[in-house]
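Colleague: sequence and predicted structure, then a few things I'm wondering about:
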Amino acid sequence: MRVLIIEDEIKIARNITRVMDEEYSWAVDISTDGEDGRHMAMNNPYDLIILDLGLPKIDGIKILKDLRKNGKTTPVLILTARDDTQDIVQGLESGSDDYIVKPFDMRELMARCQAIVRRSYGLWIP
């Protein structure tokens, strides 16, 4: 499983990466700004993208819309501090597969990641 985390809070990105690597043996790439993250998402094959909305250079919603406009169907889970209903609806309507608000529980994040992958690829991931 190959995952891209686009998150400007490096501590959060590293904690998620550690769990994905140590407990699930998933390969993880990290980008800390929207411009680099969009480039990585457009040019590399990922099984899942975890996307923050409040990023430097390019906002997460713009990245998501660009991915979908360019035919990229990679599952996207938004992980953000934006908890307003309008933001959640915008994220889902822009093409995300799920939406989690920070602070979050790591077990819930991983369960949601596994569920997205199962739905998207028909895989069972223990």
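Modeller: Great, that's in hand. Being a predicted model, the structure only gives us computed values, none of them experimental. Residues are numbered from 1 along each chain as shown.

Colleague: in which helix or strand does the residue nearest in space to the middle of the chain reside?
Modeller: Geometric centre of the chain, nearest residue: residue 50, 1.1 Å, by Cα atoms, centre = their mean. If you go by DSSP states H and E, residue 50 is part of strand 48-51.

Colleague: which other helices and strands contact that strand?
Modeller: If you count contacts as 3 or more Cβ pairs under 8 Å, 6 or more residues apart in numbering; DSSP states H and E, strand 48-51 packs onto strand 2-6, helix 60-69, strand 76-80, helix 106-121. The way it works is simple: take the backbone N, C-alpha and C, and place the C-beta from them, glycine included.

Colleague: in the next helix or strand after the third one, what counts as buried?
Modeller: Stepping forward along the backbone from strand 76-80, the first helix or strand reached (DSSP H and E) is helix 85-93. Of the residues in helix 85-93, those scored as buried under the neighbour-count criterion (16 or more other Cβ atoms under 10 Å) are 87-88, 90-91.

Colleague: how about stretch 61-75?
Modeller: In stretch 61-75, the ones that count as buried by 16+ other Cβ under 10 Å are 61, 63-64, 66-67, 74-75.

Colleague: for residue 2, state which of those residues is nearest.
Modeller: Distance to residue 2 across the buried residues of stretch 61-75 (Cβ to Cβ) is lowest for residue 74, with 9.9 Å.

Colleague: and that closest one, helix, strand or coil?
Modeller: The three-state label given to residue 74 by DSSP: H, G, I helix; E, B strand; the rest coil is coil.

Colleague: so what's it up against?
Modeller: 41, 46-49, 67 (Cβ atoms under 8 Å, 6 or more residues apart in numbering).

Colleague: where neighbours are concerned, which of those has the most?
Modeller: Counting neighbours by other Cβ atoms under 10 Å, residue 49 comes out on top of those with 27 neighbours.

Colleague: noted, bye for now.
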